[in-house]
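1. Following is a predicted model, sequence given first.
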Amino acid sequence: MVHKLLEHCGVVSEDFKESFPENYYPIPENYIVFISGSERPSQSYRHYFEVVGRINKTLKENEIVSVQAGDKTDVIVPGTLDLRGRMSPRQLAHLIKCAKVCITSNMFAAKLSRIYNVPLVLIGTNFPTKLMLSSFKNCTYIEPNLNGKKWNYKVTDPENTVNGIKPEVISDAILQKLNISHDPFSETVFAGKHYGIELFDFVPDSQFPQHLADKTVNLRLDLYYSREAVEQLSSFCKLNIVTKESFDINRVNTSNILSITYFCNKTANYDFIKDCKAKGINIMIFCSSDEHIQDIRFDLLGIAEVHKQRIENPLDKLDICATMFRSSRVVFGRNKVYSSIYHYKRDLQGDLMATELPKVLDDDFLEFTDFMFVFKP
């Protein structure tokens, strides 16, 4: 603080050296550290999984370990040594001090890197690099392309601007800090705004996967209708229900129903909609018929809003030739796992980490694009 006051007054001591107390924590000998999360959720980068996936093989060849630290609630980064929620600030200081590189959008971690002169890759925060001491030359600052927009300094950012940074740019910066050469990385074509958030769709045409029991599940009654499934699963699992048919809302555990998406074309079951409203269930009604939507809206006037069923194509202006994709939203059905509804309907299985993009992008595929990562190998 004293140093900052002197600096503000134009008096800077060449001999001044910052410090922060540290406590020992058992850690690997050679490692880089990802400090996930941020003081502001708007600055939390969600694609560290893609960053680590590009460099893990190279790091192993050089006997370097990837470590993740941060809050226990931060999204885990697969392929890293997980130390989330285990460290005090002083132990975190020791972890950063001994790291070969620190990668973060967290300003506390960035300041510790500066104090210990640890090579830093600072991810798309809305703080200009001048907030880091000008004498700290070890910082590589990476920000997204704002396309003429100004930074959002609020706690949240609905557009998830920071996630516009391509993972390969961060991966390249890390290896440059380590002075390690590498082959070209796969090229990011598109990253959905929810990619990195796990979501599970279950079609009740087979046995329910027990490892999803403590997850929130989309129950796809629109693909396979089963009253028994909704009654049974609502007894122990949090559900978002997607359906074209009504069911007896009094026979299910409504406390576990988070929402109902009800598709109707020619007619709708108005009693079902009223019962859902009476039970306090969030029900969203969609109609794809231009001929009947106005009649349904009139019948439900003052009761519920009816939306026009429409799915946008965020890939229509992109070069998607010779591209692959993976998704953080998958479909469980037929005792198998699929990359999208498109693949479920055609019973197309493949490598979930690298599935070839369909030549025809219909609504069954586009429904999942918000959770997809599209890339060129």
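-> Thanks, I have it.

2. can we go C-alpha only for contacts and neighbour counts from here?
-> Noted.

3. Now for the residue lying closest to K72 once chain neighbours are set aside: which residues touch it?
-> The shortest distance from K72 to any non-neighbouring residue, by Cα to Cα, 6 or more residues apart in numbering, is to G85 (4.3 Å). By Cα atoms under 8 Å, 6 or more residues apart in numbering, the contact list for G85 reads 69-73.

4. how close does G85 get to K359?
-> Applying Cα to Cα, to the nearest Å, the value for G85 to K359 is 44 Å.

5. Quick check: longest helix in the protein by residues?
-> Counting residues, the longest helix found in the chain (DSSP state H) is helix 48-61.

6. So for it, what gets flagged as buried?
-> Applying a neighbour-count criterion of 16 or more other Cα atoms under 10 Å, one finds 48-56, 58-59 buried in helix 48-61.

7. Report the central residue of the protein.
-> For the chain, G196 is the residue whose C-alpha lies nearest the centre (Cα atoms, centre = their mean; 2.7 Å).

8. Can you tell me the SS state at that one?
-> coil (DSSP: H, G, I helix; E, B strand; the rest coil).

9. these two touch, right, it and S44?
-> No. Assessed by Cα atoms under 8 Å, G196 is found out of contact with S44, at 11.9 Å.

10. Listing request: residues of the stretch 151-300 of the chain with sub-threshold pLDDT.
-> 151-153 (pLDDT under 70).

11. picking up where we left off before, of the contacts of G85, closest to P204?
-> Minimum distance to P204 across the contacts of G85 is 30.6 Å, recorded for T73 (Cα to Cα).

12. Count residues in the vicinity of that closest one, would you?
-> For T73, the neighbour count with other Cα atoms under 10 Å is 10.

13. Check D290 too.
-> Neighbourhood size, D290 [other Cα under 10 Å]: 12.

14. and if you look at the one 10 residues further on?
-> Residue neighbour count, defined by other Cα under 10 Å, stands at 16 for L300.

15. again, but for V217
-> The number of residues packed near V217 is 20, by other Cα under 10 Å.

16. contacting residues for it?
-> By Cα under 8 Å, 6+ apart, the contact set of V217 is 199-202, 237-240.

17. run the last query once more with 6 Å
-> Shown in contact with V217 (Cα atoms under 6 Å, 6 or more residues apart in numbering): 200-201, 239.

18. where does it land in three-state SS?
-> V217 - assigned by three-state DSSP - is strand.

19. what's across from it in the sheet?
-> F200, L239 (DSSP bridges).

20. Look up how far V330 lies from it.
-> Taking Cα to Cα, one finds V217 at 11 Å from V330.

21. Overlap in contacts, these two.
-> Once Cα under 6 Å, 6+ apart is applied, the residues that V217 and V330 both contact turn out to be F200.

22. Tell me where the stretch 101-250 of the chain has helices.
-> With DSSP state H, counting those that start in this stretch applied, the stretch 101-250 of the chain shows helices at 107-116, 167-177, 227-233, listed in chain order.

23. picking up where we left off before, can you classify the residue nearest to K72 as helix, strand or coil?
-> coil.
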